[in-house]
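> dropping the sequence and predicted coords here.
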Amino acid sequence: MTVKDTHYPEHATRQRILDAASSAFAADGFGGARVDEIARRAGVNKALLYYHVGNKQTLYTAVLMRNFDRVEAALAEVMTSGGSARDRLTAVIATVTRTMQTYPDHPRIVLRELASAGGHLEPAVLERMMRVLGSVRHLLSDGVRSVVADFGANEYVSSAGLRVFLTVLKFLEQHDGRIVLCAMQPFVNDVFEISGFSDLFVIVESREDAVARFA
């Protein structure tokens, strides 16, 4: 007797599970998310969830790794593009921000994780985070010493974006460089205020004001 397979392809099922898990972890954090609820949202039973992904920790790691895959894929295009190191650094910052806007669960999950001191981050996830920051350090080592970050087109900034700016700031301070931020939208300005980053950076109204700081 032939049994008809009524399941979705395995890849599609796994992605559906990761989508449901991403939403749950963003809303409730690692501790608050429930595997049975994630399975329900994904339209599978718990046994199938464990088969396709694994236990809760494995699921959490898979969600974060998929998100960093997306960030690295976007950055790869920027890193191999033409232009000066400064142009590519500006593009990296814009790319990270844009990617986080496209996948808003990711910054929410990372913010929750940072608030809990990163207790659920596997070494592989930390390595991926360092690789993203390493892309920034590579561009800075090419000789960039003055950076204007124009937020005029950005209505959002993620925790990953904040870490990028902090990496740039620390590097430039160690090499007699400077970074000036400008044209912040209200939400972005609020994020910098609440996080305390506004005390670390020079922030001005316009790009013209920022460029004048280097005159």
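Nice, I can see it.
> gap between residue 206 and residue 181?
Residue 206 is 11 Å from residue 181, where distance means CB to CB, to the nearest Å. Heads up, the C-betas are built off the backbone N, CA and C, glycines and all.
> over to residue 130?
Here the criterion is CB to CB. By it, residue 130 lies 24 Å from residue 181.
> re earlier: so for residue 206 and residue 181, which residue has more residues nearby?
Ranked by neighbour count (other CB atoms under 10 Å), residue 206 and residue 181 place residue 181 first, with 22 against 12.
> quick one: residues contacting residue 197.
Contacts for residue 197 (CB atoms under 8 Å, 6 or more residues apart in numbering) come out as 162, 165-166, 191.
> actually, residue 133.
Contacts for residue 133 (CB under 8 Å, 6+ apart) come out as 163-164, 167.
> just the closest of those residues to residue 149, please.
If you rank those by distance to residue 149 using CB to CB, residue 164 comes first, at 9.7 Å.
> quick one, strands of this structure?
146-150, 178-182, 202-204 (DSSP state E).
> how about a markdown table for the ones you listed, with mean pLDDT added?
Listed next are those as a markdown table, based on pLDDT from 0 to 100:
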| stretch | mean pLDDT |
| --- | --- |
| strand 146-150 | 80 |
| strand 178-182 | 89 |
| strand 202-204 | 95 |
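> so which of those gets nearest residue 89?
For residue 89, the closest of these is strand 146-150, at 6.4 Å, according to CB to CB.
> list the helices and strands that closest one packs on?
helix 85-102, helix 159-174, strand 178-182, helix 207-212 (3 or more CB pairs under 8 Å, 6 or more residues apart in numbering; DSSP states H and E).
> JSON lines for these, including distance to residue 119?
Below are the helices and strands packed on strand 146-150 laid out as JSON lines (distance: least, CB to CB, whole Å):
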{"stretch": "helix 85-102", "distance to residue 119": "22"}
{"stretch": "helix 159-174", "distance to residue 119": "16"}
{"stretch": "strand 178-182", "distance to residue 119": "31"}
{"stretch": "helix 207-212", "distance to residue 119": "38"}
